[in-house]
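S.K.: My questions concern the predicted model and sequence given below.
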Amino acid sequence: MATTRMGSSGDDNKHLNGLGSNPNVANMRRLFAGDSIDGWEKCWEEGLTPWDLGQPTPIFTHLLQTGNLPKGRVFIPGCGSGYDVVAIAGPERHVVGLDISYTAMKRAEELSSSSPNASYCTFLAADFFTYQPSELFDLIIDYTFFCAIDPTMRAAWAKKIGDILKPDGELLTLMFPIGDEAGGPPYSVSVPEYEKVLNPIGFKVIQVVDNELAINQRKGREKLGRWKKLHSQSSL
């Protein structure tokens, strides 16, 4: 998925609490009747982006401020307008944000251009599944991306994560929406769904906790997972 503004009005403050019953989400899903790649671009063009807080994700800034965010090269797929990329970038972290929407990447570049961290950010309009970085990453952050792809693609998602993450690198997953919501995107997720695709390729879960810093509308449906890549896979 990407990231723009679902908290800018009273109606939008419903966020994804109702999912399919939320008019913004229902309208967004209608754009995916055809090609999904085109659907994401249309979402951005029409302002139907009910997954973005309009600011950095609180749990990520908390981890940064408390010294609990790994350093090095960081990758955020489905970064949208780039709030999280800009927030955690700096001399200790070069952050690559990727989104399939050119409109999203244009907005992200505009956002980062006024930031003192601009030189530590890179934004790419590309397909996650075909993206080939020049170097492996120390940390990958996934939020509103795993839930955005068709569930049949989750094994391919895990393989790609494993391919571009360094041995002993860390994967951070902010798991939402946990539950049995029908349809998508966003598609329902669960901890076992992550384990099913990550464990067989050498990832070990280090921690899974409720996200106490989730926005009110997402509390109880969002968990933070930390995973360690225990052995190398294919190299670039």
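M.R.: Ah, there it is. Because the structure is a prediction, the values reported are computed rather than measured.
S.K.: going forward, measure contacts between C-alpha atoms and count neighbours the same way
M.R.: OK.
S.K.: helices or strands next to the longest strand belonging to the chain in the packing?
M.R.: Counting residues, the longest strand in the chain under DSSP state E turns out to be strand 165-175. Applying 3 or more Cα pairs under 8 Å, 6 or more residues apart in numbering; DSSP states H and E, we find strand 165-175 packed against strand 137-143, strand 223-229.
S.K.: So which of these is the most surrounded?
M.R.: Highest mean neighbour count among these (mean count of other Cα atoms under 10 Å): strand 137-143, with a mean of 22.
S.K.: about what we covered before: is it possible to export the helices and strands packed on strand 165-175 to JSON lines including distance to residue 79 and mean pLDDT?
M.R.: As requested, these are exported to JSON lines (distance: least, Cα to Cα, whole Å; pLDDT from 0 to 100):
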{"stretch": "strand 137-143", "distance to residue 79": "8", "mean pLDDT": "97"}
{"stretch": "strand 223-229", "distance to residue 79": "17", "mean pLDDT": "97"}
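S.K.: one step back: contacting residues around the longest strand of the chain?
M.R.: 70, 136-144, 189-191, 222-232 (Cα atoms under 8 Å, 6 or more residues apart in numbering).
S.K.: Which among the helices and strands packed on strand 165-175 is found nearest to residue 62?
M.R.: strand 223-229 (12.4 Å; Cα to Cα).
S.K.: Just give me how far stretch 208-228 sits from the chain centre.
M.R.: Stretch 208-228 sits 13 Å away from the centroid of its parent chain (Cα atoms, centre = their mean, to the nearest Å).
S.K.: in it, what counts as buried?
M.R.: 211, 214-215, 218-228 (16 or more other Cα atoms under 10 Å).
S.K.: cool, and stretch 172-189?
M.R.: 172-178, 184-189.
S.K.: Buried ones in stretch 113-128, by neighbour count?
M.R.: 117, 118, 120, 121, 122, 123, 124, 125, 126, 128.
S.K.: which SSE is the fifth one in?
M.R.: Residue 122 is part of strand 121-125, with elements assigned from DSSP states H and E.
S.K.: Run through the residues that contact the residue nearest in space to the middle of the chain.
M.R.: The centre of the chain sits closest to residue 143, judged by Cα atoms, centre = their mean, with a distance of 2.8 Å. Residues counted as contacts of residue 143 (Cα under 8 Å, 6+ apart) are 78, 173, 174, 175, 176.
S.K.: what's the spacing between the closest residue to residue 91 other than its chain neighbours and residue 164?
M.R.: Spatial nearest neighbour of residue 91, chain neighbours left out: residue 120 (6.9 Å); criterion: Cα to Cα, 6 or more residues apart in numbering. Relative to residue 164, residue 120 is positioned 19 Å away (criterion: Cα to Cα, to the nearest Å).
S.K.: Repeat that for residue 226.
M.R.: 17 Å.
S.K.: what does residue 145 give?
M.R.: 16 Å.
S.K.: How about residue 206?
M.R.: Distance from residue 206 to residue 164, counting by Cα to Cα: 19 Å.
S.K.: Flag the shaky bits of this structure, pLDDT-wise.
M.R.: By pLDDT under 70, the low-scoring segments of the chain are 1-37, 39-41, 43-51, 181-184, 231-236.
S.K.: where do the helices sit along it?
M.R.: 23-30, 36-46, 58-65, 83-88, 102-113, 154-164, 191-198 (DSSP state H).
S.K.: tell me which residues in the third one are buried?
M.R.: So the one you mean is helix 58-65. Here helix 58-65 shows 58, 59, 60, 61, 64 as buried, counting by 16+ other Cα under 10 Å.
S.K.: The last one now?
M.R.: Of the residues in helix 191-198, those buried under the neighbour-count criterion (16+ other Cα under 10 Å) are 194, 197, 198.
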